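Q: Test case, fold it:
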Amino acid sequence: MEQYYEYRHLVGFEETNLVGNVYYVNYLRWQGRCREMFLKDRAAAVLEDLRNDLKLFTLKCECEYMVEIGAFDELSIRMRLEDLTQTQIGFAFDYVRLRDDMEVLVARGRQRIACMRGPNTDTKPTRVPEVLRAALAPYAITSSAPAGNYVSSAATPAKTPADGAS
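A: Okay, the predicted model is just below:
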């Protein structure tokens, strides 16, 4: 069973700054892209609802940067369901660089969204659609789910930078 939804991304020059590392705002863009692709791949019925009057408002978005990355680094953005209330969804994101059969956690992010309905002048909170709840269920963080700590290969157990990995 999958424990996260994965969006793969290859960093381009346009996503870097003058120093050559990825400009910070791109991590937040990738969270949004991962969420969009999840809807397309796992909850397509929600897309039609979004064309009508469902709105997904981003309430909070954050990212903690751990390792610099640059152009042509291959990333796996891994989204998990952190929490789910009647009207809001909390996501957790791990940004993992994939290189030479190694996975390195380069950043971690979180995002909170609210489901709303109604015209733009009078939107009100609404329940998270059942189809979306069902699509998210396999990705819920549980005690048995991986904590998202990486620096590993097929022969090496995962470690965090705090464990002494570099």
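Q: I'd guessed Arg78 sits against Trp30; true?
A: No - the pair Arg78 and Trp30 fails to qualify as a contact (Cβ atoms under 8 Å) at a distance of 11.0 Å. Backbone N, C-alpha and C define where each C-beta goes, glycine included.
Q: what touches both of these two?
A: Common contact partners of Arg78 and Trp30 (Cβ atoms under 8 Å, 6 or more residues apart in numbering): 93, 95.
Q: Counting neighbours, which bits of the helix ranked longest in the chain end up buried?
A: Determined from DSSP state H, the single longest helix within the chain is helix 25-42. Buried positions in helix 25-42, judged by neighbour count with 16 or more other Cβ atoms under 10 Å: 26-28, 30-31, 34-35, 37-39, 42.
Q: Check which helix or strand Leu47 maps to.
A: Using DSSP states H and E, Leu47 sits within helix 44-51.
Q: Now do that helix: which elements does it pack against?
A: On a contact count with 3 or more Cβ pairs under 8 Å, 6 or more residues apart in numbering; DSSP states H and E, helix 44-51 meets helix 25-42, helix 130-136.
Q: can I get the ones you listed in TSV with mean pLDDT and distance to Met66?
A: As requested, the helices and strands packed on helix 44-51 are arranged in TSV below (pLDDT from 0 to 100; distance: least, Cβ to Cβ, whole Å):
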stretch	mean pLDDT	distance to Met66
helix 25-42	97	11
helix 130-136	97	26
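Q: tell me the angle the helix holding Leu47 makes with helix 25-42.
A: Using axes from the mean of the first three to the mean of the last three Cα atoms, to 10 degrees, the direction of helix 44-51 lies 110 degrees away from that of helix 25-42.
Q: Give me the pLDDT value at Thr156.
A: Note on Thr156: pLDDT of 40.
Q: likewise Leu75?
A: At Leu75, the model reports a pLDDT of 98.
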